[in-house]
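Undergrad: Dropping the sequence and predicted coords here.
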Amino acid sequence: ETGVTQTPRHLVMGMTNKKSLKCEQHLGHNAMYWYKQSAKKPLELMFVYSLEERVENNSVPSRFSPECPNSSHLFLHLHTLQPEDSALYLCASSQQRPNTGELFFGEGSRLTVL
Amino acid sequence: GNSVTQMEGPVTLSEEAFLTINCTYTATGYPSLFWYVQYPGEGLQLLLKATKADDKGSNKGFEATYRKETTSFHLEKGSVQVSDSAVYFCALTPQGGSEKLVFGKGMKLTVNP
């Protein structure tokens, strides 16, 4: 495996379910990110981890819970989501902090909340 | 605050047509500027970048010039191909660097044979 890998690629869940998105980077980077991509809206930065420490949380609802157990893995735990949370969730990594803007993205996890 | 405004499209062109996607930004000082591209079913990938005024970024036949006087970073390609069909995002990071890469809304381009 190379680059940034996200699983699952597609997820359908009810509002009472609990699920997790997984991201793994094989690039030796030291920062990882979660972005939300919704139609007709700019990408929204949700969380940033640098050296496994969370450095930014852009006022994301608590129903989204990130976890970064090491510099190669990042999770997004989901619970009691709303239909408006349906979106493409993108994971990214970068080589250094401060961010020079060169992010490497995974292919995304398409989430549908029923 | 920092922001990016770009053409939203969607835009449909014929193969070999000339492409311009406008992008303007709001930021203090000298941000770094980027174009990212998202091909169907894939994540975003860096297309080109420029880190100081008058720099020209180029890649895969695409070019963009950092214009401080007009706060712009327009993307151009002289002759598009079907394989250029994708969503294009303009983005910036503030001067001095930041974890926060600020994106525009993206523009979907479809190129027909």
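TA: Received, thanks.

Undergrad: near chain A at all, the helix or strand bottoming out on mean pLDDT in chain B?
TA: Within chain B, no helix or strand scores below strand B:102-103, which has a mean of 90 by mean pLDDT, DSSP states H and E. Yes: shown here: strand B:102-103 in contact with chain A (CB under 8 Å from any CB of the partner chain) through B:V102, B:F103. C-betas here are computed from N, CA, C, even on glycine.

Undergrad: Pairing partners for that strand, with directions?
TA: Partner strands for strand B:102-103, per DSSP bridges, with pairing direction: strand B:86-93 (antiparallel).

Undergrad: to the chain's geometric centre, what's the distance from the partner strand?
TA: 5 Å (CA atoms, centre = their mean, to the nearest Å).

Undergrad: same check, this time on stretch A:77-93
TA: 8 Å.

Undergrad: how about that stretch: buried residues?
TA: Using 16 or more other CB atoms under 10 Å in any protein chain shown as the test for burial, stretch A:77-93 gives A:L78, A:L81, A:D85, A:S86, A:A87, A:L88, A:Y89, A:L90, A:C91, A:A92, A:S93.

Undergrad: so how far does it reach from one end to the other?
TA: With CA to CA, to the nearest Å as the measure, stretch A:77-93 spans 18 Å from end to end.

Undergrad: before we move on, back to that, closest to B:L46 among the buried residues of stretch A:77-93?
TA: For the buried residues of stretch A:77-93, the minimum distance to B:L46 (CB to CB) is 10.6 Å, reached by A:A92.

Undergrad: So that closest one: helix, strand or coil?
TA: strand (DSSP: H, G, I helix; E, B strand; the rest coil).

Undergrad: how near is it to A:N70?
TA: 17 Å (CB to CB, to the nearest Å).

Undergrad: and what of B:T5?
TA: Taken as CB to CB, the span from B:T5 to A:N70 is 38 Å.

Undergrad: cool, A:K18 as well?
TA: A:K18 is 23 Å from A:N70, by CB to CB.

Undergrad: So which bits of chain A are right by chain B?
TA: Applying CB under 8 Å from any CB, we find that chain A lies next to chain B at A:4, A:6, A:31, A:33, A:40-43, A:45, A:48, A:50, A:55-56, A:90, A:92, A:97-108.
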